[in-house]
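K.L.:
Show me the folded form of this:
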Amino acid sequence: MHAFEKLRADYLVYAAQQHFQSYQPRELYEPLDYILSLGGKQMRPILLLSAARLFDENAVGISLPAAYAVELFHNFSLIHDDIMDNAALRRGKATVHEKYGNSTAILSGDVMLVYAYQYLAALKTEKLQQILQIFNETAIGVCEGQQMDMNFEKLEQVSVGSYIRMIELKTSVLLFGAMKIGALMAKASENDAENIAEFGRNMGIAFQLQDDYLDSFGDEKTFGKRIGGDIVQNKKTYLYIKAMALAPDADRKKIYDWYSQDVSEADENKKIEEVKSIFLSSGAVDALEREIENYKNKSLMAMSNIDADADKKQELIDFLRFIMQRQN
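P.N.:
Below you'll find the predicted structure:
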């Protein structure tokens, strides 16, 4: 993991120099500094840099603005997602809209997106047009995935295939785009760039499925969000879909009843515990674990098709295994 720690350190030094503290009006820019200060793993920019490093060590430095652009876009999407989800916490702290209000949060998210494009536009590479196209496709995909996620709340039935497609767009497409941009910054071949992007896509799906598990069964202190939040919000996650397919009729009715009625704050914990119990007893959790393993294996297959230094490829494989062991 030493290589990733070095990339993270290099990225954090660069990011610390890009703050918005002197920008005016402060009411617009303070929320940007706030959400960026909440930390997180910076997984997306580090994966972009790792893809660049895989094909050319010297490409890491020139890829830092692209990595920062990806992190700006990610945080822009978090600000808006939290508004749509009416989420109170992000990384264990108040969400931007809770702290600054919805109107400011929307506007601050918008300007963050514009700055992401500004950093990309300044990249020194002959691949700029292709990189901007990839970024555009990524951004569109994230928006499409978010709309699908909201649509699911109104549907009585959602298929596993539709759900996987939603998280592919909402979450993993950004890893796909980040790693492909990093590869292009290092002048990788089209075949290698596509395979490292597929590594990121499948890793992202596995990561989000793991996130679904942690939302219901993680530790709130380390997860940074309320455990059972997806259940309270009636989100049709993989666990919900599989439980509704596998559970006995009586348990399916219990889930349906909980998800189709307004629940008082006093009853939320009861709802969470009853639904989690059915997730376990129905075999939905076991099915989720198998699906996570399936997408991890797809990532490994994509990596095996890449023509690059074996030790650097192994570092990325080790990173995949490391993040899939996380508890937050």
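
K.L.:
Next, the buried residues of stretch 25-36.
P.N.:
28-32, 34-36 (16 or more other C-beta atoms under 10 Å). Every C-beta, even on glycine, is put in place using the N, C-alpha and C of the backbone.

K.L.:
contact partners of stretch 31-42?
P.N.:
8, 11-12, 15, 19-21, 71, 75, 78-79, 90-91, 93, 96, 99-100, 104-105, 108, 111-112, 323 (C-beta atoms under 8 Å, 6 or more residues apart in numbering).

K.L.:
now the helices: where do they sit in the stretch 151-300 of the chain?
P.N.:
160-167, 173-185, 190-217, 220-223, 229-232, 238-246, 249-259, 268-281, 284-304 (DSSP state H, counting those that start in this stretch).

K.L.:
mind checking which of those helices is nearest residue 137?
P.N.:
Residue 137 lies closest, by C-beta to C-beta, to one member of those: helix 173-185, at 7.2 Å.

K.L.:
The closest one packs against which elements?
P.N.:
Other helices and strands packing on helix 173-185, by 3 or more C-beta pairs under 8 Å, 6 or more residues apart in numbering; DSSP states H and E, are helix 43-55, helix 59-85, helix 128-152, helix 190-217.

K.L.:
what's in contact with the third one?
P.N.:
The list of residues contacting helix 128-152 from outside it, by C-beta under 8 Å, 6+ apart, reads 66, 69, 73, 77, 80-81, 84, 113, 117, 120-121, 123, 125, 158, 162-163, 165-171, 173-174, 176-178, 180-181, 184-185, 235-236.

K.L.:
Among the helices and strands packed on helix 173-185, which comes closest to residue 226?
P.N.:
helix 190-217 (8.8 Å).

K.L.:
tell me which residues of that closest one are tucked away?
P.N.:
Those would be 192-217, for helix 190-217 by 16+ other C-beta under 10 Å.

K.L.:
The residue nearest to residue 234 when sequence neighbours are not counted: neighbour count?
P.N.:
Nearest residue to residue 234 in three dimensions, chain neighbours excluded: residue 259, at 4.7 Å (C-beta to C-beta, 6 or more residues apart in numbering). By other C-beta atoms under 10 Å, the residues close to residue 259 number 19.

K.L.:
My understanding was that residue 259 contacts residue 232; is that so?
P.N.:
No: using C-beta atoms under 8 Å as the test, residue 259 is too far from residue 232 to be in contact (10.3 Å).

K.L.:
and the end-to-end length of stretch 157-173?
P.N.:
24 Å (C-alpha to C-alpha, to the nearest Å).

K.L.:
Identify the residues contacting it?
P.N.:
Under C-beta under 8 Å, 6+ apart, the answer for stretch 157-173 is 137-138, 141-142, 144-146, 148-149, 152, 200-205, 207-209, 211, 236-238, 241-242, 244.

K.L.:
show me where pLDDT drops low in the stretch 201-328 of the chain?
P.N.:
Applying pLDDT under 70 to the stretch 201-328 of the chain flags residues 220-225, 326-328.

K.L.:
now do 50
P.N.:
328 (pLDDT under 50).

K.L.:
before we move on, the earlier item: please list the members of the contacts of stretch 31-42 that lie in helices.
P.N.:
8, 11-12, 15, 71, 75, 78-79, 96, 99-100, 104-105, 108, 111-112, 323 (DSSP state H).
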